[in-house]
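[1] Generate a structure from the sequence data that follows.
(2 chains)
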Amino acid sequence: MSVIWSNSLRHLNGRRAGEGTTSLRGIRCRNMTMARQREPRTMPVGVRWVLRTAILALAFAGAAARAEDKFASRGSVQAKLSFCKDCHGTSAQGYAGFFPIPRLAGQQTEYLENQLRAFNEHRRANNIMSGIANTLSPAMISALAAKLRELNPPPVGGAPRRLMAEGKRIFDDGVPEANVAACAACHGPDAPGVREIPRLAGQLFPYVVKELTNWGKERGQNVAKPDTSFIMSPIAHSLTKPQIEAVAAYVSYLK
Amino acid sequence: MKVSALQSALLLAVLAFAFAGSTHAEDTVSDVQAKLQYCNVCHGISAQGFLGYYPIPRLAGQQVDYIKNQLQGFAEQKRTNNIMFNVGHVLSPAMIAALATSFHDLNPKPLGGAPKALLAEGKKIYEGGVPGANVAACTSCHGEDAKGNGQFPRLAGQLYAYVSLQLTNWSKERSETLSSVMTPIARGLTDAQIKAVAAYVSYLE
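    Presented below is the predicted three-dimensional model:
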């Protein structure tokens, strides 16, 4: 905003943007001094002031319309999306903060909506997300989910690649001796998910590890109101730590 | 150096063999329960079926012989399905029998969801076949109530998406030795007829 303002003023005073001092007042003072010395005034002071203000107002109005791209109006979906991206990444690709913050880009809309509702109703335990979810109207939830679904940045990556082969085996075939179902049966062969079943492709390695390790502690917290999270409980319970890491590494690289 | 490495390898092999996987010796009741819970993850909590990425069929109320044949078929790859191959090839005959009996006794409501507009046409095909296309009436093997008999599977309450997929891809998935009687029928039905009869059976209880 301040750049547009000072550029407009510089233009009015007949100086190219970038010349002179960075101080707004400095430019104006210098200009007026030089103007008094070199050019005679052709307009009364009052008229000049009105003209300058009017031109500024018009310029600013134009700038404000374009600024919608950079500064979303309060309460809009765009504003809320920017807020999500503060933590989840500029393209919602996820971010390894102090906690691993999951990728939302390309996620199934039904899954996103279910999770936001679960946070809201404390069926999924997360202090940060509970505080956020309860500010969202159903319409806002649907709108956000639709926008996030369309994003498609490359995966963040970073997981140990030596785990990929084992991870793929578990993902495609399951671990029948340990009664672990093949992930592909529900999540799909390249983990895109479908309906209420989440996309895993490109999900953060540390996030998937954390979820599978802590499944029962975080999800399905209201025993009186069981939700779709119960389906994963036996799987999360049966996978060993190395198996969790392997499958998490594998899905983290999928596109 | 070489000798001790060989000895280590031998010891490792013996230990690995001793601790290898789950034994087929004796499956306890809790083993069967654990295996059932594992099946339920995909097939539904009461084996009513589930729409995962793929449609996963209802097993509840299924004919015991049919389940046995299919599990063996998956393990021997007479029926082609990678996920079920992995499930099937670790199962002992005793475990297969126990699972089949357990599924047979379940009776949840059908999942539903098929387009109801197709029901009339589906019923016509189910009860009368498609004479012009040499498609026999389904009742002749699957029964009036679609509950099946012995090796002929129950269709009542089966997932609409699953039946449609099976009839469409019959020969791609199932070998002649496993289910040759259905091959000409699956081939004879048009896509529209497949959808109609699949919708019809999906609502039967």
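[2] any idea how far A:V77 is from chain B?
    29 Å (C-beta to the nearest C-beta, to the nearest Å). Quick note: C-beta positions are derived from backbone N, CA and C, even for glycine.
[3] count of residues packed around the closest residue to that residue other than its chain neighbours?
    Nearest residue to A:V77, sequence neighbours excluded (C-beta to C-beta, 6 or more residues apart in numbering or on different chains): A:A143, at 4.6 Å. By other C-beta atoms under 10 Å in any protein chain shown, the residues close to A:A143 number 17.
[4] On the three-state scheme, A:A143 is what?
    Three-state call for A:A143 (DSSP: H, G, I helix; E, B strand; the rest coil): helix.
[5] any idea how far A:I132 is from it?
    15 Å (C-beta to C-beta, to the nearest Å).
[6] thinking again about what came up before, from what I see, the residue nearest to A:V77 and A:Q78 are in contact.
    No - with contacts counted by C-beta atoms under 8 Å, A:A143 stays clear of A:Q78, the gap being 9.8 Å.
[7] Which residues does stretch A:186-193 contact?
    Identification of contacts with stretch A:186-193 by C-beta atoms under 8 Å, 6 or more residues apart in numbering or on different chains yields A:106-108, A:111, A:171-172, A:183-184, A:194, A:197-201, A:231, A:251, A:254-255, B:42, B:50, B:52-53, B:56.
[8] buried sites along it?
    For stretch A:186-193, the neighbour count (16 or more other C-beta atoms under 10 Å in any protein chain shown) marks A:C186, A:H187, A:G188, A:A191, A:P192, A:G193 as buried.
[9] Closest one of those to B:F152?
    B:F152 lies nearest to A:C186 out of the buried residues of stretch A:186-193, by C-beta to C-beta, at 29.0 Å.
[10] Once you drop chain neighbours, what's closest to that closest one?
    Spatial nearest neighbour of A:C186, excluding adjacent residues (C-beta to C-beta, 6+ apart): B:G52 at 3.6 Å.
[11] Flag every residue of chain B that's near chain A.
    B:21-22, B:34-35, B:37-38, B:41-42, B:50-54, B:56, B:82-83, B:86-87, B:89-90 (C-beta under 8 Å from any C-beta of the partner chain).
[12] ok, B:K195 touching B:S164?
    Yes - in this structure, B:K195 is within contact of B:S164 by C-beta under 8 Å, at 5.8 Å.
[13] what's the strand or helix carrying B:F85 packed up against?
    According to DSSP states H and E, B:F85 maps onto helix B:82-88. Helix B:82-88 sits against helix A:164-173, helix B:64-75, with contacts defined as 3 or more C-beta pairs under 8 Å, 6 or more residues apart in numbering or on different chains; DSSP states H and E.
[14] rerun that using 10 Å as the cut-off
    When contacts are defined as 3 or more C-beta pairs under 10 Å, 6 or more residues apart in numbering or on different chains; DSSP states H and E, helix B:82-88 sits against helix A:164-173, helix A:184-187, helix B:29-43, helix B:64-75.
[15] contacts for it?
    With C-beta atoms under 10 Å, 6 or more residues apart in numbering or on different chains as the test, helix B:82-88 has contacts from A:169, A:172-177, A:179, A:181-185, A:189, B:35, B:38-39, B:42, B:52, B:54, B:56, B:70-77, B:79, B:81, B:96.
[16] Just after it, pick out the following helix or strand.
    Following helix B:82-88 in sequence, per DSSP H and E, is helix B:93-104.
[17] relative to helix B:29-43, how tilted is that next one?
    60 degrees (axes from the mean of the first three to the mean of the last three C-alpha atoms, to 10 degrees).
[18] Helices of chain A, start to end?
    Applying DSSP state H to chain A gives helices spanning A:2-12, A:24-38, A:45-67, A:77-88, A:109-120, A:127-133, A:138-150, A:164-173, A:184-187, A:205-213, A:215-218, A:233-238, A:241-252.
[19] for A:A143, what are its contacts?
    By C-beta under 10 Å, 6+ apart, the neighbours of A:A143 are A:S76, A:V77, A:Q78, A:K80, A:L81, A:L136, A:S137.
[20] List only those of these flagged as buried.
    Buried among the contacts of A:A143 by 16+ other C-beta under 10 Å: A:K80, A:L81, A:L136.
[21] Thought B:K109 was touching B:S46, still the case?
    Yes - checked against C-beta atoms under 10 Å, the pair B:S46 and B:K109 is within contact range at 9.0 Å.
[22] Between the two, tell me which one has more neighbours.
    Each of B:S46 and B:K109 has its neighbours counted (other C-beta under 10 Å); B:S46 has more, 15 against 10.
[23] Once you drop chain neighbours, what's closest to the more buried one?
    Closest residue in space to B:S46, ignoring its immediate chain neighbours: B:P108 at 3.8 Å, by C-beta to C-beta, 6+ apart.
[24] In TSV: the contacts of A:A143, plus distance to A:G220 and pLDDT.
    Below are the contacts of A:A143 laid out as TSV (distance: C-beta to C-beta, whole Å; pLDDT from 0 to 100):
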residue	distance to A:G220	pLDDT
A:S76	34	90
A:V77	30	93
A:Q78	33	93
A:K80	27	93
A:L81	28	95
A:L136	21	91
A:S137	25	91
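[25] biggest separation within these, which pair?
    A:Q78 and A:S137 (15.5 Å).
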